[in-house]
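Asker: Have a look; sequence and predicted model below, questions after that.
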Amino acid sequence: MHVPPALRRWSVRCGLALLIAIAIGYVPGQVARRDPRAAKLEAQIEELTAEAREVAARNAALRRDIAALRSDVSAIEDRARADLGMVYPDEVVLRLPGPEAEAP
């Protein structure tokens, strides 16, 4: 079977072009040629993910506080005492100065 020289030549050229394209795609060290903007964006994504985890944890704590304030009488009492300074009638409250108030 005879293959015309032009067809043989073009098939060899296409085959070599395909091999070169595959070799370029799998060249080791491609990480070193990575775009620095992509690395910066990945770092920002990691920071934002960590911040989102912190915010989610704070939200969960606030949800627990809300649930406690809706159902637990002692939680309401503790909050009223701490935030509003409320006391029961005939209760004696002694306020002592802290260590920072003693400085001259």
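Answerer: Nice, thanks for sending it over.
Asker: end-to-end on stretch 72-89?
Answerer: 21 Å (CA to CA, to the nearest Å).
Asker: Please point out which parts of that stretch sit buried.
Answerer: Counting neighbours by 16 or more other CB atoms under 10 Å, one finds that the buried residues in stretch 72-89 are A75. All C-beta atoms are positioned from the backbone trio N, CA, C, and that covers glycine.
Asker: Any chance you could list what contacts it?
Answerer: Stretch 72-89 has contacts (CB atoms under 8 Å, 6 or more residues apart in numbering) with D65, A68, L69, V93.
Asker: quick one: which of those residues has the most company?
Answerer: Most neighbours among these, by other CB atoms under 10 Å: A68, with 15 neighbours.
Asker: Now that one: closest residue in space, sequence neighbours ignored.
Answerer: A75 (4.0 Å; CB to CB, 6 or more residues apart in numbering).
Asker: A39 versus A82, what's the distance?
Answerer: 46 Å (CB to CB, to the nearest Å).
Asker: what's the answer for I24, then?
Answerer: In terms of CB to CB, I24 sits 22 Å off from A39.
Asker: For the chain, just list every one of the helices.
Answerer: 5-25, 36-71, 73-79 (DSSP state H).
Asker: which stretch among the ones you listed comes nearest G98?
Answerer: Taking CB to CB, helix 73-79 is the member of the helices of the chain nearest to G98, at 20.2 Å.
Asker: got any ranges where the protein has weak pLDDT?
Answerer: Filtered on pLDDT under 70, the chain yields the residue ranges 1-3, 28-34, 101-104.
Asker: again, only using 90
Answerer: 1-10, 20-39, 80-104 (pLDDT under 90).
Asker: what residue lies at the spatial centre of the chain?
Answerer: Geometric centre of the chain, nearest residue: T49, 1.0 Å, by CA atoms, centre = their mean.
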